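# Pasting the sequence and the predicted coordinates here, then a few questions.
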Amino acid sequence: MLPAAQRHGKFASHAETVYMLGYVHDSTSIWRLWNTERQRVIQASNVRFYELVMTATPVESLISDPFEIAKLDTDRSRQVDANTTRHCDADGSRQVDADTETSRQADADLPRRTDPSLLAADEVRLNTGRYNLQKRPRAVAHQTSVEEEPDSADLVSYQNAVRHPKLVPKWSEAIREELHSLHSNYTWDYIRPEDVPSGVKPISSKWVFKTKQLSGGGIRYKARLVIRGYEQIPGVDFDETFAPVAKLSSLRMLLALAAIHDWEIDQMDVVTAFLNPEVDGDVYMAMPNGVEAPAGGPWVCKLRKSLYGLKQAPRLWYEHIDNFLRSLGLLRSEYNPNVYISAAGLIPLILLLYVDDILLFSESAERVWQLKKLLHTEYKMTDLGPIRQFLGLEIERDRENRILYVHQSR
């Protein structure tokens, strides 16, 4: 039995006084706290903060065990590193806001505070009873700095692109390239608004701006005109939408075979792939921003070709390239509909398709070159040469020792 001094009645206080150290990694409601009685770091989500009660005593002076101090510093450095990694997106550019910078800088700087005006720690009270639904407080009150928007940041609107203080030439060139592709593919016809069937509302569109890290270094600026497919009505504007993509297990198997047998692995990219197939049915689009329409408007765009954003666009593209590849004599795998095999001749060739990215595997560089020529006759292609980067995976080869390395260092 517990001694009487350690027993608490049903209505006795169960709270403990603790000191806030920071936040738990990948959590929005769990705090890391220092318990002075138990002399250890604890984690809790049910905490009541007394922000008006402050202390200028350094947290380390409250810790008697030197091993706990070392552990505390290690945990803080790990949390800062994890937050730094977490706030980097796929292309490597950092996304930082004031609240995130506040939390991270508080965790990193807390042990080194000497100025009482910057506060050593907030005194908080851990409540083990009912939940406290008060608003989450700031970690520590201190100065913050927000990083300047990097030059590679993605934009969110057409107006921001054409008025960007630094990157107007780059984004304007990206817009011109996209408009040239749309016009060269005869993507739509201009019709009068009164020619649109009664009850049909033209679908709106938007510009999407993205930056892409190139495998050899540098940044590529891409602009894409996208129709707002969520405005389409199922059964009226589209029916089937499913389109298969290559399985990663198939990619790993082919890379392994290529490494073992020293095959050629070349990569190609289809430029504006979704603009190749014709759209099924009548789809009407309102005039997009940045498009110079003929005189005598207003006009509405009636789509002739599939456009990015259409619900049925991926399926139309897959059907189009599938028919073309099979017309060349390639056989589609029954286990993976995005793997094609050419058995013509003594040396086989394998093609792997992932939307508009193509990998060619063969023992013969001549076979690869011949298929590339055939693909160029049907589509506008970009020949990327030997594989270096595919679906975010960086690939390095040691052909002399027949070793292939796959990593994601960026």
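Alright, I've got the coordinates.
# Could you use CA atoms for every contact and neighbour count after this?
Noted.
# Quick one: the strands in the stretch 201-350 of the chain, in order.
With strands called from DSSP state E, counting those that start in this stretch, the stretch 201-350 of the chain shows them at 205-213, 219-227, 264-270, 284-286, 300-303, 331-332, 339-342, 349-354.
# Kindly reformat these as a markdown table containing mean pLDDT.
A markdown table is the format used below for the strands of the stretch 201-350 of the chain (pLDDT from 0 to 100):
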| stretch | mean pLDDT |
| --- | --- |
| strand 205-213 | 87 |
| strand 219-227 | 89 |
| strand 264-270 | 95 |
| strand 284-286 | 93 |
| strand 300-303 | 94 |
| strand 331-332 | 94 |
| strand 339-342 | 94 |
| strand 349-354 | 95 |
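# Let's have those strands in CSV, adding mean neighbour count and distance to residue 15.
Rendered in CSV, the data for these read as follows (neighbours: other Cα atoms under 10 Å; distance: least, Cα to Cα, whole Å):
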stretch, mean neighbour count, distance to residue 15
strand 205-213, 18, 51
strand 219-227, 18, 54
strand 264-270, 20, 62
strand 284-286, 20, 62
strand 300-303, 21, 67
strand 331-332, 18, 67
strand 339-342, 21, 63
strand 349-354, 22, 57
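# so can I have JSON lines of these showing distance to residue 319?
As requested, the strands of the stretch 201-350 of the chain are exported to JSON lines (distance: least, Cα to Cα, whole Å):
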{"stretch": "strand 205-213", "distance to residue 319": "24"}
{"stretch": "strand 219-227", "distance to residue 319": "20"}
{"stretch": "strand 264-270", "distance to residue 319": "15"}
{"stretch": "strand 284-286", "distance to residue 319": "22"}
{"stretch": "strand 300-303", "distance to residue 319": "18"}
{"stretch": "strand 331-332", "distance to residue 319": "12"}
{"stretch": "strand 339-342", "distance to residue 319": "14"}
{"stretch": "strand 349-354", "distance to residue 319": "12"}
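# nearest to residue 169, of those?
Closest approach to residue 169 among the strands of the stretch 201-350 of the chain (Cα to Cα): strand 219-227, 10.5 Å.
# Report all helices and strands that that closest one contacts.
Here strand 219-227 touches helix 168-184, strand 205-213, going by 3 or more Cα pairs under 8 Å, 6 or more residues apart in numbering; DSSP states H and E.
# Now the ones you listed in a markdown table, please, with extra columns for distance to residue 378.
Output for the helices and strands packed on strand 219-227, formatted as a markdown table (distance: least, Cα to Cα, whole Å):
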| stretch | distance to residue 378 |
| --- | --- |
| helix 168-184 | 14 |
| strand 205-213 | 26 |
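# Can you say which of the ones you listed is nearest to residue 407?
strand 205-213 (15.4 Å).
# domain assignment for this structure?
Listed by automatic domain parsing, the domain ranges of the chain are 13-126, 158-407.
# Go through these and find the least confident stretch.
Mean pLDDT values for these show the minimum at domain 13-126, a mean of 58.
# out of the strands of the stretch 201-350 of the chain, which comes closest to residue 391?
Closest of those to residue 391 is strand 349-354, at 8.8 Å (criterion: Cα to Cα).
# Tell me which strands that closest one pairs with, and in which orientation.
strand 339-342 (antiparallel), strand 357-362 (antiparallel) (DSSP bridges).
# Same list (those) but as CSV, adding distance to residue 309.
As requested, those are exported to CSV (distance: least, Cα to Cα, whole Å):
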stretch, distance to residue 309
strand 339-342, 25
strand 357-362, 18
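# Residue 207 is nearest to which of those strands?
strand 357-362 (22.3 Å).
# And for that closest one, what's in contact with it?
254, 258, 263-270, 347-353, 368, 387 (Cα atoms under 8 Å, 6 or more residues apart in numbering).
# Tell me what angle the helix or strand that that strand is followed by forms with strand 264-270.
As assigned by DSSP states H and E, the chain's next helix or strand after strand 357-362 is helix 365-378. Following axes from the mean of the first three to the mean of the last three Cα atoms, to 10 degrees, one obtains 10 degrees for the angle between helix 365-378 and strand 264-270.
# Using CSV, list the CA coordinates for helix 365-378.
The C-alpha coordinates for helix 365-378 follow below in CSV (Å, rounded to 0.1, in the frame of the first residue of the first chain):
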residue,chain,number,x,y,z
ALA,A,365,22.0,0.5,-78.6
GLU,A,366,21.0,0.1,-82.2
ARG,A,367,17.6,-1.3,-81.3
VAL,A,368,17.0,1.5,-78.8
TRP,A,369,17.9,4.1,-81.5
GLN,A,370,15.5,2.6,-84.0
LEU,A,371,12.6,2.7,-81.6
LYS,A,372,13.4,6.3,-80.7
LYS,A,373,13.1,7.2,-84.4
LEU,A,374,9.7,5.6,-84.6
LEU,A,375,8.5,7.4,-81.5
HIS,A,376,9.7,10.7,-83.0
THR,A,377,7.5,10.2,-86.1
GLU,A,378,4.3,10.2,-84.0
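# buried stuff in that helix?
Buried residues in helix 365-378, counted by 16 or more other Cα atoms under 10 Å: 367, 368, 371, 372, 375.
# Out of the residues you listed, the closest to residue 322 would be?
For these, the nearest to residue 322 is residue 375 (12.1 Å; Cα to Cα).
# List the buried residues for stretch 229-244?
229, 232, 237, 238, 243.
# wait, which of the residues you listed is closest to residue 197?
Scanning those for proximity to residue 197, where the rule is Cα to Cα, the winner is residue 237, at 12.9 Å.
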